[in-house]
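K.L.:
predicted model follows, preceded by the sequence.
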Amino acid sequence: MEQFFQQFTNGLAVGGIYALVALGYTMVYGVLKLINFAHGDLFTAGAYLGLTLVTTFTMLAHKGSVLGIGLLILLVMLLVAFLGAVLERTAYKPLRKSPRLSVVVSALGASIFLENAMMLIYGARIQVFPQDILPGIPVRIFGVYIPLLRIVIFGLSFLMMTGLYLFIQKTRIGTAIRAAAIDQGAASLMGINVDRVILTVFLLGPALGAAAGLLVALQYGEINFLMGWSYGLKAFTAAVLGGIGNIPGAMVGGLLLGVLEALGAAYISTSWKDAIAFCVLIIVLIVRPTGLLGERVAEKV
Amino acid sequence: MRFSRTGIFYLALALLLAASPLVLNVYWLDVLNSVGLYAILGLSLNIILGDAGLFNLGHAAFYAVGAYTTAILNTRFQIPVLWLLPVAGVAAGLFGLIIVRPIIRLRGDYLCIVTVGVGEIVRIALINDVFGLTGGSNGILGIQRPHLFGFIIRRPQHFFFLIWVFVALTVFLFTRLQHSRFGRALNYLREDEVAAEGSGVNTAHYKTAAFVLGAAWAGMAGTIFATKMTIIAPESFSFWESVLMFTVVILGGSGSIPGVLVGSFLIIGLPEVFRGFADARMLIFGAAMILMMIFRNQGIVPAHVRPYSLEGLAEAESALPEPAASAEPAENLQAAKEVR
């Protein structure tokens, strides 16, 4: 039972990360109907920028201070949001009227570009992320000791997801995002600046993804320039699992996938851990292609 | 036979290529061999991606199935490699059929992401030494060289001819295929699936057939790869390989056979030319992909629309009055089958 609880909480923490990244995929897909293959690399960029801020600018003089960590995460989110906007403007905006396949290729190109840019800047070797930023004390919940970091990660990701959900549901620009996701043409006829909506989505998604990257770096203590690829793919799986284009769906899908993966690794096989996510993906797509929370839409002719 | 200007151009290029082992050193021959291998892979993917319009980003999985089938059967049972060429093709084709059967009706991007997932599952399965056959992350070594009429194909020069003859055969067959009823049906369903379905083209059937054929051909490319390297390992079949094949097709010209050939030369050959830039070349490659899509998204050598002239039709009809009439019921029967 204790092992189950440990794996379950671990799954929730990883699932929170997946959910944060999945939100970026699902928002972009909702508005542009594009799988943003470069999103995983923005996640990596978050981790690397965090490393630079911590080591080069010695941003965390007082390790363990809540304010310092908050500031670090905010700064990284801000920087990567800017990167996301630049990506949108250079790689996707000129292709607004092109066939979908072209945009997919452009996204793959952007991913290759970002990966190699990071490799050239930071080197191809695995980099060690400072581990003493958060105190490693375990917290006792229901008689089980859970690392503080795990709770912080889950709490932060939950906080950001809630924030995003409220932003999308309650604010004007959030409403515009939802409208553009339903029908771009109609939205622009209603006076919504769809271009600005797309830009907003490319600010929000990468910001959340970068925060996730930083959290992963904090948890595992090492980063490399290809780490975004597997997290990105799994996060995309999570988005599909919940119903792509659907924001609560991405959150549910992320948490579910994280838990499934952790339990699968514990009770089935560790070496097949990565395959579990993809098997889940394929089964979901065959049985219920719209995902758990997605609505069935009739094929437009 | 009448030679058009482009025909002569292609013939000259083919002769130039055939003569290249005389002047090139071993290193560049090996580069050309890689180009040829990717040309075969690109052409096989082109049927799926270019002709049928199915986003397949997991083509390396079928390549892997072919290569591992060859390696396992050759190292365990000493079956000659060239005999395994069709076996690998059938194995990869069957695997493709199993994969694609349940998902063929999915929309473009969903299909794309499933193929990515399948590619990853295959790679993970190979690393985990599935059924104790694949040798884990070390792979399989000691695959034999191909024997042809008592001659052992061993050196890069020999492989050059093996690979490029296979490329030529592929080009010939796939050109015929594009011009056939099958090829026209694929183009139709790519351009407008609903209209194709409405005109009696069984789209699911044709898509499946295209996918299986492409997968089988990639499997045969896997055989050649396995015997050329004599050692194969899971990292040769990563997602990156699938991306490479995908870009060969898209950058070269989706649906265009000359385009795919040009694409494989550029994408496999050019990075070798620019070895001086070493680390930065993949950076440039990524940027080039974006720029290419912005400024010329149909590819370097786009597929040209084949004109069907009515004059030719009238001529053919007047020349063959009897067979045309007898062929018609068969056509109708075929159409009726497809509607059903």
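P.N.:
That came in fine, so what should we check first?
K.L.:
state the distance from B:Thr70 to chain A.
P.N.:
24 Å (C-beta to the nearest C-beta, to the nearest Å). To be clear about C-beta, it is placed using only N, CA and C from the backbone, and glycine gets the same treatment.
K.L.:
list the helices and strands the helix or strand harbouring that residue packs on?
P.N.:
According to DSSP states H and E, B:Thr70 maps onto helix B:59-77. Applying 3 or more C-beta pairs under 8 Å, 6 or more residues apart in numbering or on different chains; DSSP states H and E, one finds that helix B:59-77 contacts helix B:26-46, helix B:81-103, helix B:108-127, strand B:140-141, helix B:203-229, strand B:231-232, helix B:239-253.
K.L.:
make JSON lines from those and add mean neighbour count and mean pLDDT to it.
P.N.:
Below are the helices and strands packed on helix B:59-77 laid out as JSON lines (neighbours: other C-beta atoms under 10 Å in any protein chain shown; pLDDT from 0 to 100):
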{"stretch": "helix B:26-46", "mean neighbour count": "23", "mean pLDDT": "90"}
{"stretch": "helix B:81-103", "mean neighbour count": "20", "mean pLDDT": "91"}
{"stretch": "helix B:108-127", "mean neighbour count": "23", "mean pLDDT": "85"}
{"stretch": "strand B:140-141", "mean neighbour count": "18", "mean pLDDT": "84"}
{"stretch": "helix B:203-229", "mean neighbour count": "25", "mean pLDDT": "92"}
{"stretch": "strand B:231-232", "mean neighbour count": "20", "mean pLDDT": "88"}
{"stretch": "helix B:239-253", "mean neighbour count": "24", "mean pLDDT": "87"}
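K.L.:
out of the ones you listed, which is closest to B:Glu191?
P.N.:
With C-beta to C-beta as the measure, helix B:203-229 is the member of the helices and strands packed on helix B:59-77 nearest B:Glu191 (11.7 Å).
K.L.:
which strands and helices sit next to that closest one?
P.N.:
Judged by 3+ C-beta pairs under 8 Å, 6+ apart, helix B:203-229 is in contact with helix B:26-46, helix B:59-77, helix B:81-103, helix B:156-178, helix B:181-191, helix B:193-198.
K.L.:
want to throw the ones you listed into CSV with distance to B:Phe211?
P.N.:
Shown next, in CSV, are the helices and strands packed on helix B:203-229 (distance: least, C-beta to C-beta, whole Å):
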stretch, distance to B:Phe211
helix B:26-46, 10
helix B:59-77, 9
helix B:81-103, 4
helix B:156-178, 14
helix B:181-191, 11
helix B:193-198, 15
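K.L.:
out of those helices, which is closest to B:Phe149?
P.N.:
helix B:81-103 (10.3 Å).
K.L.:
CA atoms only: put that closest one into CSV for me.
P.N.:
This file holds the C-alpha atoms of helix B:81-103, laid out as CSV (Å, rounded to 0.1, in the frame of the first residue of the first chain):
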residue,chain,number,x,y,z
VAL,B,81,20.4,-12.3,-47.3
LEU,B,82,19.0,-11.7,-50.7
TRP,B,83,16.4,-14.4,-50.2
LEU,B,84,15.3,-12.5,-47.2
LEU,B,85,14.6,-9.3,-49.2
PRO,B,86,11.0,-10.4,-50.0
VAL,B,87,10.6,-11.9,-46.6
ALA,B,88,11.5,-8.6,-44.9
GLY,B,89,9.1,-6.8,-47.2
VAL,B,90,6.3,-9.1,-46.3
ALA,B,91,7.1,-8.9,-42.6
ALA,B,92,7.1,-5.1,-42.7
GLY,B,93,4.0,-5.0,-44.8
LEU,B,94,2.1,-7.2,-42.5
PHE,B,95,3.3,-5.1,-39.5
GLY,B,96,2.0,-2.0,-41.4
LEU,B,97,-1.3,-3.7,-42.0
ILE,B,98,-1.7,-4.6,-38.3
ILE,B,99,-0.9,-1.0,-37.4
VAL,B,100,-2.9,0.8,-39.9
ARG,B,101,-6.0,-1.3,-40.0
PRO,B,102,-7.7,0.1,-36.9
ILE,B,103,-6.5,3.7,-37.4
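K.L.:
show the contacting residues for residue 47.
P.N.:
No chain was given, so I picked chain A. Contact analysis of A:Ala47 by C-beta atoms under 8 Å, 6 or more residues apart in numbering or on different chains lists A:129, A:213-214, A:216-217, A:223, A:227.
K.L.:
wrong one, chain B
P.N.:
B:174, B:177, B:186, B:210, B:213-214, B:217.
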